[in-house]
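**Student:** Curious how this folds, go ahead:
(2 chains)
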Protein chains: 2
Amino acid sequence: MKNKEKDIRAIWAESEMVFIIDQSKLPHKLEILSLKNYRETALAIKEMKLRGAGTIGIAAGFAMAQAFSEFSDIDKIQKAKNIIEDTRPTAQDLFYATNLVYERSKSCENPKEVAWKTAYEILKKDIENSKIMGKLGAELIKDGYNILTHCNAGKLAIAGLGSALASIYTAHNQGKKIFVYVDETRPRLQGSRLTAWELSQAGIPHGIIVDNAAGYFMQNGKIDIVFVGADRIAKNGDVANKIGTYEKAVLAKENNIPFYVVAPTSAFDANCKTGNDIVIEERSQDEVMKINDKYVANNGSKAFNPAFDITPARYITGIITEKGIFRNGKYKIKNRKLE
Amino acid sequence: MKNKEKDIRAIWAESEMVFIIDQSKLPHKLEILSLKNYRETALAIKEMKLRGAGTIGIAAGFAMAQAFSEFSDIDKIQKAKNIIEDTRPTAQDLFYATNLVYERSKSCENPKEVAWKTAYEILKKDIENSKIMGKLGAELIKDGYNILTHCNAGKLAIAGLGSALASIYTAHNQGKKIFVYVDETRPRLQGSRLTAWELSQAGIPHGIIVDNAAGYFMQNGKIDIVFVGADRIAKNGDVANKIGTYEKAVLAKENNIPFYVVAPTSAFDANCKTGNDIVIEERSQDEVMKINDKYVANNGSKAFNPAFDITPARYITGIITEKGIFRNGKYKIKNRKLE
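**Tutor:** Next comes the predicted model:
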């Protein structure tokens, strides 16, 4: 299970097969899954074998390309697109990727080749974006800083160095002494499972805390800056991200701690005027009630499980994108076109 | 495991034996432990077989009485007192109980009898207080209200109806239609394990949420009022309670939702000028890293585990006590004397 930091790749493709790290098995087991067709890839997204806005987008692009490999009938490809889009409703990158691959390929002479080329371009572009975001974010991190992050917005979530964690990796690589407080991020524990694993691999000092404790550490002057990712960003700068992000943003503001969202512009959705327009995924109550398939909660009670929340723009110090840092709600957003 | 609501008693004593529900086994198993001497009772407190400020206090009082049964040598009793007080540092009721039993009994002709009488009086007084607090709290609950609570401040935590949950039980018994959102309360899940179990027993409609989701439900207008308990209250009205209470209080204020602390005046500590004077217990990182003895977090990472936090008085709408509701930081507090 020892991998060199640079070796962590959440997703790639070879000979029309898609390969992913099975994130549901981490950190206990590093297992690679091979996905032979669009249905298998779509199922892996749905069952959260992979997750993270960027990785979901790349997977959706590859799945779309697999559909173009499997079918020449456009109706079948359209049906495949619907199935892929039906897996997870909140991550904007998913819809960006399926639409881009579909629109570019559907009327070509060589749809299959264009589809795969486009899907690979999305991956390549994400890696480039991650690098730029990392540099911009690292400029905000001073030597000796204590950083809080929520969920996993690292290499597993976005190709390259991730989004929120890209800043942290870059600051660390610049030789800055930093410490990362990792929210465990219930219910799925992406913080204590995935972010902690990534930081361990990279040798970055960190400590896991329960989500309840983030406020305590902020209040006690232990947090200098907060970085989180985003699943979708509305036109007014409201951000949909992992459940609990809103809580941390409010607490950061209350304690005068800068709160940055890091996401490529592909996460912006010009069709959403405000956060109210963003669909919040409700996931199974079993994620709350059980751990490792065993009830931890009172069997017989019910649970609610919204997977994301909306952080209004007024709580966000800035949104770090590959095009620069947007501040004070000054976001001029068109849905991203691949250049 | 079906018990009538009225039958839930977290702790009692008979013939100098102390009996408790083993709360670490709930909700999966209802097991009664019998504790033969002060050491066993102290260990049960330390190992959190029982928990909750009031229940800890009663147990400490009984343990002190057991010490008076076991020893006549005052040095040995003093040593027992130290051991009992060394179990949990944050709950004020613990120190209140040990001191009261000790001071009243140490110079008597019949120390054993006085010690047991005093310990039983603490229990009786807590039951009476709970009833009064329940009535006061229920007056704030309107028909149709959605209520948020954090951790467990119910029958398992405070003799009688509990503190925060006393308001909820009373409102329910008054025929008001209410719904309770239960924070699961990581790391020890007192919400999803204990509060959800209590509410199920009582037939009160409720739903469990992860701690990350409390803000989401507040923001979406789903919460009308918040009730929590307290482990210790400083002279200026700052409240120490389960980790995460501070987060929920800040979020309630941000969303204009009344936030009430419910606790008997025995939780007030005149020796603490502000919350800064309250010792916060740091518990084992295993509570964060493992669930059911199995790693859920990345093995090799470390965790921080403060068990309580301080909610500054300015976030608290009122403190409901057996002597009335204190508002706007107007707290005139002496350490409680048993009348």
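**Student:** Pull up the per-residue confidence for residue A:292.
**Tutor:** Predicted confidence (pLDDT) for residue A:292: 89.
**Student:** Kindly report the same for the one 10 residues further on.
**Tutor:** Residue A:302 is assigned a pLDDT of 98 by the prediction.
**Student:** Neighbours of it, how many?
**Tutor:** A count of nearby residues for residue A:302, using other C-beta atoms under 10 Å in any protein chain shown, gives 14. Glycine gets a C-beta too; all of them are placed from N, C-alpha and C.
**Student:** what do you get for residue A:196?
**Tutor:** Residues near residue A:196, counting by other C-beta under 10 Å: 29.
**Student:** Neighbours of residue A:279, how many?
**Tutor:** 11.
**Student:** meant to ask about residue A:83, not that
**Tutor:** Residues near residue A:83, counting by other C-beta under 10 Å: 15.
**Student:** wait, residue A:306 sits on residue B:215?
**Tutor:** No: taking contacts as C-beta atoms under 8 Å, residue A:306 lies outside contact range of residue B:215: 10.6 Å.
**Student:** For the closest residue to chain B within the stretch 1-150 of chain A, list the residues it contacts.
**Tutor:** Here the residue of the stretch 1-150 of chain A nearest chain B is residue A:27; by C-beta to the nearest C-beta that distance is 4.1 Å. Residue A:27 is in contact with A:1, A:193-194, A:196-197, A:200, B:297-299, counting by C-beta atoms under 8 Å, 6 or more residues apart in numbering or on different chains.
**Student:** now residue A:298: how far from residue B:24?
**Tutor:** Taking C-beta to C-beta, to the nearest Å as the measure, residue A:298 falls 14 Å from residue B:24.
**Student:** The two: who's more crowded?
**Tutor:** residue A:298 (27 against 16).
**Student:** tell me which parts of the stretch 101-250 of chain A are close to chain B?
**Tutor:** Proximity of the stretch 101-250 of chain A to chain B, by C-beta under 8 Å from any C-beta of the partner chain, involves residues A:181-182, A:184-187, A:189, A:192-193, A:196-197, A:199-200, A:206-217, A:219, A:242-244, A:246-247, A:250.
**Student:** Which ones among these map onto strands?
**Tutor:** Taking DSSP state E as the definition of strands, these contribute A:181-182, A:206-209, A:242.
**Student:** Would you map the helices across the stretch 151-300 of chain A?
**Tutor:** A:164-173, A:190, A:196-202, A:214-219, A:245-254, A:286-289 (DSSP state H, counting those that start in this stretch).
**Student:** Dump the ones you listed to TSV, plus mean pLDDT and distance to residue B:123.
**Tutor:** Listed next are these as TSV, based on pLDDT from 0 to 100; distance: least, C-beta to C-beta, whole Å:
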stretch	mean pLDDT	distance to residue B:123
helix A:164-173	98	51
helix A:190	97	44
helix A:196-202	97	44
helix A:214-219	98	32
helix A:245-254	98	37
helix A:286-289	98	34
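**Student:** Next, format those helices as CSV and append distance to residue A:226.
**Tutor:** Below are these laid out as CSV (distance: least, C-beta to C-beta, whole Å):
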stretch, distance to residue A:226
helix A:164-173, 9
helix A:190, 16
helix A:196-202, 16
helix A:214-219, 8
helix A:245-254, 5
helix A:286-289, 24
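**Student:** Quick one: low-confidence residue ranges for the stretch 201-339 of chain A.
**Tutor:** A:328-339 (pLDDT under 70).
**Student:** ok, which stretches of it are strands?
**Tutor:** With DSSP state E, counting those that start in this stretch as the criterion, the stretch 201-339 of chain A has strands at A:206-209, A:225-228, A:232-233, A:239-242, A:259-262, A:290-291, A:294-295, A:302-303, A:308-311, A:318-321, A:324-327.
**Student:** any idea of the mean pLDDT in stretch A:108-124?
**Tutor:** In the prediction, stretch A:108-124 has an average pLDDT of 97.
**Student:** Alright, that wraps it up for me.
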